[in-house]
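Colleague: Compute the structure for the input listed below.
(one chain, ligands or ions: 1)
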Amino acid sequence: MLVSARSFAEYRAMFALTERDLEQRILDCPAGAASFVAEAGLLGIDAVAVDRQYAEHREELGVLVERETAFKRELLVKETAGYVWSWYTDADDMIRRWTANARAFGADIAARPERYVAGSLPGLPFADDSFDLALCSHLLFSYGNRLGGEFQRAGLLELARVARREVRVFPLVVYDTGARYEGLGALRADLAELGVPSRVERVAYEFQPGADEMLVLSTAGYRAPARTAPGAAGAARATDPVRWRHREAGA
Ligand SMILES: C[S@@+](CC[C@H](N)C(=O)[O-])C[C@H]1O[C@@H](n2cnc3c(N)ncnc32)[C@H](O)[C@@H]1O
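Modeller: Numbers count the residues shown, from 1 in each chain. The predicted structure is shown next:
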């Protein structure tokens with residue numbers, strides 16, 4: 001899994017965020033080296049980032065992402081060949097922008113470390129209803145074929161526990177196959193039975209072809225079962241597949 005570094009503008013588009021949405025307390029999970037929280041902070045928006053990488057890598061995560069993205073340039077060029085080049089002009093433009101975003105992330109995590117919390121789905125270190133809105137970009141369905149349905153169900157319920165109004169997830173397409181995650185219907189039915197109805201909405205953002213929809217969970221009616229200890233909802237079972245290949249290659 002590549003740790004990525006998307007921008008505030010991309011988050012606005014991917015999650016169809018309105019001015020009203022941005023007045024809420026927002027969780028970015030997983031945030032990676034995205035600059036959403038950094039840029040939100042400059043605008044006076046109350047946002048917090050969480051990622052499992054922050055346990056091991058904090059200030060240096062931006063630099064690692066910058067190096068890794070450059071190291072994987074050829075792979076990125078190949079993988080994104082048939083993508084929709086309306087957001088970025090080409091792969092080099094994407095790498096340039098991710099680099100700038102990763103630097104903004106690095107500066108903000110150093111300046112406002114309390115805004116960046118180490119945590120792993122499906123067991124986040126926050127009390128129930130800590131946020132109004134949780135945003136989940138490029139994890140649950142993007143890597144849906146590797147994570148498995150039980151992880152997604154538990155992850156979404158955990159986000160529903162900590163976000164008292166909504167959880168938004170983008171995209172609904174599996175990264176490797178380019179197809180919409182096939183278990184989505186069953187997962188939504190299951191969540192609805194547990195008091196978390198959802199809808200699928202088209203958004204004005206498309207990079208991977210067909211990835212222009214988000215899932216919106218309405219969480220206001222959800223009451224999570226009592227937990228024994230923070231984070232006890234279960235540590236993520238899948239091991240984090242991030243490998244810093246530029247380091248392994250001695251680059
Ligand atoms: C592709 S990046 C997306 C980053 C950011 N949302 C963006 O769009 O640029 C996926 C991130 O998920 C994080 N991650 C993977 N498994 C996780 C888990 N179980 N809990 C929290 N974060 C996780 C990785 O560390 C990585 O930073």
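
Colleague: Give me the distance from stretch 5-25 to the chain's centre.
Modeller: 12 Å (C-alpha atoms, centre = their mean, to the nearest Å).

Colleague: That one spans what distance, first to last residue?
Modeller: End-to-end distance for stretch 5-25, by C-alpha to C-alpha, to the nearest Å: 21 Å.

Colleague: For it, buried residues please.
Modeller: Neighbour-count burial for stretch 5-25 flags 5-8, 10-17, 21-22, 24-25 (criterion: 16 or more other C-beta atoms under 10 Å). From N, CA and C alone the C-beta is placed, and that goes for glycine too.

Colleague: Over to stretch 170-190?
Modeller: Neighbour count says stretch 170-190 has 170-175, 180-181, 183-184, 187-188, 190 buried, by 16+ other C-beta under 10 Å.

Colleague: rewinding a little: among the buried residues of stretch 5-25, which ones lie close to the ligand?
Modeller: Restricting these to those within reach of the ligand (C-beta under 6 Å from any ligand atom) leaves 5-6.

Colleague: Just give me the least confident of the buried residues of stretch 5-25.
Modeller: Taking those together, the minimum pLDDT is found at A5 (94).

Colleague: Return only those of the buried residues of stretch 170-190 found close to the ligand.
Modeller: Applying C-beta under 6 Å from any ligand atom to the buried residues of stretch 170-190, none is adjacent to the ligand.

Colleague: so which pair among these is furthest apart in space?
Modeller: Using C-beta to C-beta, those reach their maximum pairwise distance at Y175 and D190, which is 22.9 Å.

Colleague: where does the protein dip in pLDDT?
Modeller: 227-242, 244, 250-251 (pLDDT under 70).

Colleague: Which residues of it lie near the ligand?
Modeller: Counting by C-beta under 6 Å from any ligand atom, the chain sits next to the ligand at 1-6, 30-32, 34, 51-53, 120-121, 137-139, 236, 240, 242.

Colleague: give me the element the nearest residue to A220 once chain neighbours are set aside is part of.
Modeller: Once flanking residues are discounted, A220 sits nearest to R165: 6.0 Å by C-beta to C-beta, 6 or more residues apart in numbering. According to DSSP states H and E, R165 maps onto strand 163-170.

Colleague: partners of that strand, with directions?
Modeller: strand 131-137 (parallel), strand 213-218 (antiparallel) (DSSP bridges).

Colleague: of all those strands, which lies closest to K72?
Modeller: Comparing the strands paired with strand 163-170 by C-beta to C-beta, strand 131-137 comes nearest, at 19.0 Å.

Colleague: Beyond that closest one, next helix or strand please.
Modeller: Assigned by DSSP H and E, the successor of strand 131-137 is helix 144-147.

Colleague: So what's the gap between that next one and the chain middle?
Modeller: Relative to the centre of its chain, helix 144-147 is centred 15 Å away, using C-alpha atoms, centre = their mean.

Colleague: With stretch 72-82 instead?
Modeller: 21 Å.

Colleague: for that stretch, which positions count as buried?
Modeller: Neighbour count says stretch 72-82 has 72, 76, 80 buried, by 16+ other C-beta under 10 Å.

Colleague: Keeping just the C-alphas, turn the strand holding R165 into CSV.
Modeller: Coordinates of each C-alpha in strand 163-170 appear next as CSV, following Å, rounded to 0.1, in the frame of the first residue of the first chain:
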residue,chain,number,x,y,z
ALA,A,163,-18.7,10.3,14.2
ARG,A,164,-22.1,11.4,15.4
ARG,A,165,-23.5,12.6,12.1
GLU,A,166,-21.9,11.0,9.1
VAL,A,167,-19.1,8.9,7.7
ARG,A,168,-18.1,9.4,4.1
VAL,A,169,-16.0,6.9,2.2
PHE,A,170,-14.2,7.4,-1.1
